[in-house]
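Engineer: please find the sequence and the predicted model below.
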Amino acid sequence: MTSEKKKDFTRRISQANKTDLVVVTFDIIIENIDCASKCLEEGDVNGYRTELKSAQRFLGELMRSLDFKYPISKNLLSIYEYVQKKLIACDISGEDRGLDEARGILSRIGEAFSQIAGQDNSESVMENAQQIYAGLTYGKGTLNEADMGIGTNRGFLA
């Protein structure tokens, strides 16, 4: 994953509520799968495996965060386990057979969570995070992030 993508995900996480965090996690997994495919095309087997292992870790985080007091959690766990097995099989074989299926499944579920996130008006999970604003700057047609939280307390409050 590129450092630019990592910065984008970091920014999104810093501003996210609980539902948005799930959406970002899906986006990270899908990005890892895309990067793994690209690495394999370029012959970078180590990069391929690194990206798949990262996708597996994030998928494991989705599994651990399920709340089983809701019946749909059991169904989601079954789907996540299926996708996890696909990712592991791809990692072991060194081939990308099954990555498209895993990506498709995760994309559909992620899109459903994205629609739910649009209805979630809860507060951001991170407290004391600086607010990020984006706008056009003097650069012709460029969009730059500007931190407007100058002087705010970014650390833990004692």
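Structural biologist: Noted; the coordinates are in hand. These numbers were taken from a predicted model, which means no experiment stands behind them. Residues are numbered from 1 along each chain as shown.
Engineer: by mean pLDDT, flag the weakest helix or strand of the protein.
Structural biologist: strand 132-136 (a mean of 48; mean pLDDT, DSSP states H and E).
Engineer: who touches the lengthiest helix in the chain?
Structural biologist: Across the chain, the helix with the greatest residue count (assigned by DSSP state H) is helix 18-41. Contacts to helix 18-41, defined as C-beta atoms under 8 Å, 6 or more residues apart in numbering, come from residues 1, 5, 9, 12-13, 16, 45, 47-48, 50-52, 54-55, 58-59, 61-62, 65, 87, 90, 94-96, 99, 102-103, 106-107, 109-110, 113-114, 116-117, 120, 122, 125. To be clear about C-beta, it is placed using only N, CA and C from the backbone, and glycine gets the same treatment.
Engineer: mind checking how far the closest residue in space to residue 91 that isn't next to it in sequence is from residue 100?
Structural biologist: Nearest residue to residue 91 in three dimensions, chain neighbours excluded: residue 52, at 4.5 Å (C-beta to C-beta, 6 or more residues apart in numbering). The gap separating residue 52 from residue 100 is 14 Å, by C-beta to C-beta, to the nearest Å.
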